[in-house]
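In: any chance you could fold what I've pasted below:
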Amino acid sequence: MPRPRNPRNESHRAAQERYRARLREIRRPEAPRVDGAVAAAFAIALARLRGAGERNAALETIIADAKKLLIDAGYAPNEAVKKLMTRLLYRDDLAPLDVATRNRTGASS
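Out: Residues are numbered from 1 along each chain as shown. Next up, the predicted model:
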């Protein structure tokens with residue numbers, strides 16, 4: 001549920017709306033969307049490797065580093081690992097993401 005507007009923040013809110021409208025106009029993604037795309041691409045790469053019965057030291061290091069960052073941020077180790085693995089290995093959208101990334105016709109660099 002959205003929060004009620006705070007009149008003291010109205011100037012900042014309006015500026016933020018203009019900024020986001022400009023980003024949409026030039027079709028530039030915001031940072032959270034880029035972060036999500038990187039996470040999804042990582043999950044796809046990991047799933048493809050594991051599906052082929054392979055492992056990759058660089059990807060395993062990234063997973064270990066992510067786990068350490070979460071634990072260092074104060075999260076319980078078992079909970080951090082559980083959530084990390086859920087986001088990487090058990091995503092509901094892995095199959096459609098895999099298909100979408102394999103179909104690269106029309107993609108620009």
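
In: what does stretch 21-30 contact?
Out: 20, 37 (Cβ atoms under 8 Å, 6 or more residues apart in numbering). Using the backbone N, CA and C atoms, a C-beta is placed for each residue, glycine as well.

In: report the buried residues of the worst-scoring helix or strand of the chain on mean pLDDT.
Out: In the chain, the helix or strand scored least confidently by mean pLDDT, DSSP states H and E is helix 94-102, which has a mean of 89. Under the neighbour-count criterion of 16 or more other Cβ atoms under 10 Å, helix 94-102 has 94, 97-98 buried.

In: and stretch 24-43, what's its mean pLDDT?
Out: For stretch 24-43, mean pLDDT is 93.

In: likewise for stretch 46-61?
Out: The model assigns stretch 46-61 a mean pLDDT of 93.

In: again, but for stretch 76-92
Out: On average, stretch 76-92 scores 93.

In: and residue 45, how far from residue 51?
Out: Note on residue 45: its distance to residue 51, by Cβ to Cβ, to the nearest Å, is 11 Å.

In: go on, residue 101?
Out: To residue 51, residue 101 is 14 Å away according to Cβ to Cβ.

In: alpha carbons of whatever helix or strand residue 23 lives in, in PDB - could you do that?
Out: Following DSSP states H and E, one finds residue 23 within helix 10-26. Written as PDB, here are the backbone C-alpha positions of helix 10-26 (Å, rounded to 0.1, in the frame of the first residue of the first chain):
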ATOM      1  CA  GLU A  10       6.700  17.300  -2.700                       C
ATOM      2  CA  SER A  11       9.500  19.100  -4.400                       C
ATOM      3  CA  HIS A  12      11.800  16.100  -4.300                       C
ATOM      4  CA  ARG A  13       9.000  13.700  -5.300                       C
ATOM      5  CA  ALA A  14       8.200  15.900  -8.300                       C
ATOM      6  CA  ALA A  15      11.800  16.000  -9.400                       C
ATOM      7  CA  GLN A  16      12.100  12.300  -9.000                       C
ATOM      8  CA  GLU A  17       9.000  11.700 -11.200                       C
ATOM      9  CA  ARG A  18      10.500  14.000 -13.900                       C
ATOM     10  CA  TYR A  19      13.800  12.100 -13.700                       C
ATOM     11  CA  ARG A  20      12.100   8.800 -14.100                       C
ATOM     12  CA  ALA A  21      10.000  10.000 -16.900                       C
ATOM     13  CA  ARG A  22      13.200  11.200 -18.700                       C
ATOM     14  CA  LEU A  23      14.700   7.800 -18.100                       C
ATOM     15  CA  ARG A  24      11.700   6.100 -19.700                       C
ATOM     16  CA  GLU A  25      11.800   8.500 -22.600                       C
ATOM     17  CA  ILE A  26      15.400   7.700 -23.400                       C
END
